[in-house]
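Student: sequence plus the predicted model coming up.
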2 protein chains.
Amino acid sequence: MASDHTRSAILTAAERLYADRGFSDVTLRDIVAEAGVNLAAVNYHFGSKDELIAELFVTRSIATNRERLRELKAAEEQGGGRAPIEVILHALVGPTLRGCLGPENQRSTAARFMIRASIESVPPIRRIKNREIDHLRKFAGAMRRALPERSDVDIYWGLNFALAMAHHTIRESERLTKLSEGKCDLDDVEDVISRVVSVATMALTAGKAEAKAARVAAR
Amino acid sequence: MASDHTRSAILTAAERLYADRGFSDVTLRDIVAEAGVNLAAVNYHFGSKDELIAELFVTRSIATNRERLRELKAAEEQGGGRAPIEVILHALVGPTLRGCLGPENQRSTAARFMIRASIESVPPIRRIKNREIDHLRKFAGAMRRALPERSDVDIYWGLNFALAMAHHTIRESERLTKLSEGKCDLDDVEDVISRVVSVATMALTAGKAEAKAARVAAR
DNA sequence: GATAGTTTCATACAACTGTTTGAATTGCAA
DNA sequence: TTGCAATTCAAACAGTTGTATGAAACTATC
């Protein structure tokens, strides 16, 4: 396998360019120019452009998922197989938000890349995201154990809304800053996380009757 | 302006193809073939491909926004200038969700197009969405009037989370169906709307102290 | 029915895309 | 050093894309 030099130079350059300019207007020629390697090297080392993008995204999302499961497992072990719902939700959205938000000037290439991936959603990335379901099922399971009196439907909706708030906040962070004229501080990641967690927790723990009543009233 | 025949044939064909196959793999040649018109007609009538896409999206989002404001205005007039927060949120997310969800087999081309636009987010559409801020400010204003004791920051976060839940549910409706093994019924649009509204309402009305405490505890 | 303005058409353009090829070079093992 | 595989390279390939052109067809007005 020799030195890996070319391979990793491509990965680094590609991640940086995609992060800065988005997937749609970065070509292989841009990437190899930035990496200082030959055009054919991409197909030689990765097979195709899509496989290069997939490798970039898989690497980063494996890291996030591992961190999620680490937090979840730690919490469940400490609670004897059952963790509080807030902690489960924290494990679900914390790593994602920490990986993408934070002070802009010190945001890593990886973070900016993941934001792009979240916004643009090109085919190879979409394919990978579709395989994420098994991973989410683990969280659904933990949530069910934490709230055994809750129906499956409510659990899934709670999970869906927690992810919704996290991902949308990442995708639209610029717009939220502009809309709120800077009043919403997206650099304070821990505050964002706790906001998402607390709303998702309320969604999942609000008395069944009263939640149902609120829904009916809203109709 | 003659008969408009060609122009509207292009619009119809384009919306249908984009809805079915997404923006990234539909070309102008596909569109003109479907419309039964000449290739040059697109540039003649719309100027460019991007302007065609923009016109499609603007038409649909104007309709949604008008519906939103209609509901909002009706509610505020009935309440003497101040509407209940649930009703405001209902006006905010109702039209969007109604426009995109519902029984798949009877989903309109327009609905499928808007789902695509929500998933793929191509440049001309992104540009238009960025101009939506003024529209959202009207809702922020109404929410502030409904909850005068609430801080601006909390209002904006609530608005952000409401949109998050609505848009994410649209974007990821397939995944939610698969994850929940069909238990979450996305065809019952009014139920989805009331779920989103009730969670967003809780997020905005939970006692300040207790919400803050929950956030701190979650850290 | 001639004329002016609009619309349609076939066709070409020019540029860019990811991928392939086959030869040159390199690095390592025998 | 020789031989062999892995890697790099310049170049070309094959296809697609959105757009422009200029002539032809149409339409309505006088």
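Tutor: Nice, I can see it.
Student: close to DNA strand D: what parts of chain A are there?
Tutor: A:1, A:2, A:5, A:6, A:7, A:37, A:38, A:39, A:40, A:41, A:44, A:45 (CB under 7 Å from any atom of the strand). (Each C-beta comes from the backbone N, C-alpha and C, glycine too.)
Student: what strand or helix carries the fifth one?
Tutor: Counting by DSSP states H and E, the element that carries residue A:7 is helix A:5-21.
Student: output the contacting helices and strands for that helix.
Tutor: helix A:28-35, helix A:40-46, helix A:49-78, helix A:109-120 (3 or more CB pairs under 8 Å, 6 or more residues apart in numbering or on different chains; DSSP states H and E).
Student: one more pass at 6 Å, please.
Tutor: The contact analysis (3 or more CB pairs under 6 Å, 6 or more residues apart in numbering or on different chains; DSSP states H and E) places helix A:5-21 against helix A:28-35, helix A:109-120.
Student: just checking, what packs against the longest one?
Tutor: This points to helix A:109-120. Helix A:109-120 packs on helix A:5-21, helix A:49-78, helix A:85-100, helix A:152-171, going by 3+ CB pairs under 6 Å, 6+ apart.
Student: the shortest one too?
Tutor: When contacts are defined as 3+ CB pairs under 6 Å, 6+ apart, helix A:28-35 sits against helix A:5-21.
Student: how about residue A:73, what does it touch?
Tutor: Neighbouring residues of residue A:73 by CB atoms under 6 Å, 6 or more residues apart in numbering or on different chains: there are none.
Student: mind checking pLDDT for the residue nearest the centre of chain A?
Tutor: Residue closest to the average C-alpha location in chain A (CA atoms, centre = their mean): residue A:96, at 4.1 Å. Residue A:96 is assigned a predicted lDDT (pLDDT) of 97.
Student: what's the answer for residue A:4, then?
Tutor: Taking residue A:4 on its own, its pLDDT is 84.
Student: residue A:218 too?
Tutor: Here the pLDDT value assigned to residue A:218 is 57.
Student: so which bits of chain A are right by DNA strand C?
Tutor: A:2-3, A:25, A:27-29, A:39-40, A:42-43, A:48-50.
Student: rerun that using 10 Å as the cut-off
Tutor: Counting by CB under 10 Å from any atom of the strand, chain A comes close to DNA strand C at A:1-3, A:5, A:23-32, A:38-44, A:46-53.
Student: next, residue A:38: secondary structure please.
Tutor: Three-state assignment for residue A:38 (DSSP: H, G, I helix; E, B strand; the rest coil): coil.
Student: excluding its backbone neighbours, what's nearest it?
Tutor: Counting by CB to CB, 6 or more residues apart in numbering or on different chains, residue A:38 lies nearest to residue A:32, which is 6.4 Å off, once chain neighbours are set aside.
Student: so residue A:120 sits against residue A:21, correct?
Tutor: No. Residue A:120 is beyond contact range of residue A:21, at 10.8 Å (criterion: CB atoms under 6 Å).
Student: comparing the two, which shows the higher neighbour count?
Tutor: residue A:120 (17 against 12; other CB atoms under 10 Å in any protein chain shown).
Student: which residue, other than its chain neighbours, is closest to the more buried one?
Tutor: residue A:23 (5.1 Å).
Student: contacting residues around residue A:195?
Tutor: residue B:157.
Student: again, but for the one 5 residues further on
Tutor: Contacts of residue A:200 were listed using CB under 6 Å, 6+ apart, and they are A:89, A:161, A:162.
Student: give me that answer again for 8 Å
Tutor: A:89, A:93, A:158, A:161, A:162, A:165 (CB atoms under 8 Å, 6 or more residues apart in numbering or on different chains).
Student: isn't the third one up against residue A:203?
Tutor: So that's residue A:158. Yes. At 5.1 Å, residue A:158 counts as touching residue A:203 under the criterion of CB atoms under 8 Å.
Student: the two: who's more crowded?
Tutor: The neighbour comparison of residue A:158 against residue A:203 (other CB under 10 Å) goes to residue A:203, with 27 against 24.
Student: ok, now which ones touch the more buried one?
Tutor: Contacts of residue A:203 by CB under 8 Å, 6+ apart are A:157, A:158, A:161, A:162, B:199, B:202.
Student: any idea how far it is from residue B:202?
Tutor: Distance, residue A:203 to residue B:202, by CB to CB, to the nearest Å: 7 Å.
Student: do the same with residue A:56
Tutor: 38 Å.
Student: of these two, who's got more company?
Tutor: residue A:56 (24 against 20).
Student: thinking again about what came up before, what helix or strand is the residue nearest to residue A:120 located in?
Tutor: Counting by DSSP H and E, residue A:23 is held by no secondary-structure element, helix or strand.
Student: pLDDT score assigned to the residue lying closest to residue A:83 once chain neighbours are set aside?
Tutor: Take residue A:83 and drop its neighbours on the chain: the residue closest to it by CB to CB, 6+ apart is residue A:75, 3.7 Å away. Per-residue confidence at residue A:75 stands at 96 (pLDDT).
Student: go on, residue A:214?
Tutor: Per-residue pLDDT puts residue A:214 at 61.
Student: which ones are touching the residue nearest to the centre of chain A?
Tutor: Residue A:96 neighbours (CB under 8 Å, 6+ apart): A:64, A:68, A:166, A:167, A:170.
Student: scan these and report the most crowded one.
Tutor: residue A:166 (27 neighbours).
Student: that one reaches residue A:189, doesn't it?
Tutor: No. Between residue A:166 and residue A:189 there is no contact under CB under 8 Å: 11.1 Å.
Student: overlap of the contact sets of these two?
Tutor: Common neighbours of residue A:166 and residue A:189 (criterion: CB under 8 Å, 6+ apart): residue A:97.
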